[in-house]
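Undergrad: Sequence and predicted structure, then a few things I'm wondering about:
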Amino acid sequence: MTGNTRFAVSIHILAYLAFRHGAAVPSAEIASSVATNPVVIRRLLSALAKGHFVTAQKGATGGFALATPPKKISLRDIYRAVNPTPRHGFKRISPNTKCPVGAKIQSILEVAFVKAHASMEAELARVSLATIHAQLRAVCPEKKP
């Protein structure tokens with residue numbers, strides 16, 4: 001799963017848990033909402049638990065629930081939990097360092113990418129999970145899945 005997909009799916013997971021109002025939700029139920037395998041959901045839930053966004057309840061009636069109120073979780077918090085070190089695509093390329101462009105392109109792009117990343121994080125910090133939850137409540141019928 002790519003970094004951007006991990007981020008979007010993590011928001012989906014937390015929004016689903018907020019929608020379920022503190023109920024212990026099994027990973028299979030969350031996976032059904034996301035339309036993916038429960039293993040994928042459990043991996044992301046692990047990262048979200050490390051960030052103290054979710055708690056796990058074991059047992060037959062167990063599942064996952066929000067550990068932090070939605071208004072205290074920003075999209076930047078979620079982004080950082082599932083993408084701790086952005087790579088800007090440099091991991092996969094190795095330009096020809098004997099070429100004048102190849103020798104300098106990464107350092108030049110890094111400056112631009114770092115600035116863009118900082119702007120993105122600043123915008124994500126302005127949006128809380130509570131905002132996403134409110135938008136969902138406005139368009140989703142109140143029912144248990």
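TA: Done, it's in.
Undergrad: Let me see the ranges of the strands in this structure.
TA: Applying DSSP state E to the chain gives strands spanning 54-57, 63-66.
Undergrad: Tabulate these (TSV), appending mean neighbour count, mean pLDDT and distance to residue 77.
TA: (C-beta placed from N, C-alpha, C; glycine too.) TSV is the format used below for the strands of the chain (neighbours: other Cβ atoms under 10 Å; pLDDT from 0 to 100; distance: least, Cβ to Cβ, whole Å):
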stretch	mean neighbour count	mean pLDDT	distance to residue 77
strand 54-57	17	93	12
strand 63-66	22	96	13
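Undergrad: Nearest to residue 116, out of those?
TA: The minimum distance between residue 116 and the strands of the chain falls on strand 54-57, with 29.4 Å, by Cβ to Cβ.
Undergrad: Just tell me which of the strands of the chain ends up closest to residue 103.
TA: Sorting those by Cβ to Cβ, the top spot, which is the nearest, belongs to strand 54-57 at 45.2 Å.
Undergrad: neighbours around the closest residue to residue 13 other than its chain neighbours, how many?
TA: Nearest residue to residue 13, sequence neighbours excluded (Cβ to Cβ, 6 or more residues apart in numbering): residue 30, at 5.6 Å. By the measure other Cβ atoms under 10 Å, the count of residues near residue 30 is 26.
Undergrad: So residue 30 sits against residue 64, correct?
TA: Yes - under the criterion of Cβ atoms under 8 Å, residue 30 is in contact with residue 64, at a separation of 7.1 Å.
Undergrad: how near is the residue in the chain sticking out farthest from the centre to residue 106?
TA: Taking Cα atoms, centre = their mean as the measure, the residue most remote from the mean C-alpha position of the chain is residue 98, 38.8 Å away. Remark: distance between residue 98 and residue 106 (Cβ to Cβ, to the nearest Å) = 14 Å.
Undergrad: if we can go back for a sec, the residue nearest to residue 13: what's it in contact with?
TA: The contact partners of residue 30, taken as Cβ atoms under 8 Å, 6 or more residues apart in numbering, are 13, 16, 17, 38, 41, 45, 64.
Undergrad: Who are the contact partners of the spatially closest residue to residue 133 that is not a sequence neighbour?
TA: Ranked by Cβ to Cβ, 6+ apart and with sequence neighbours excluded, the top spatial neighbour of residue 133 is residue 18, at 4.4 Å. Taking Cβ under 8 Å, 6+ apart as the contact definition, residue 18 lies against 66, 70, 129, 130, 132, 133.
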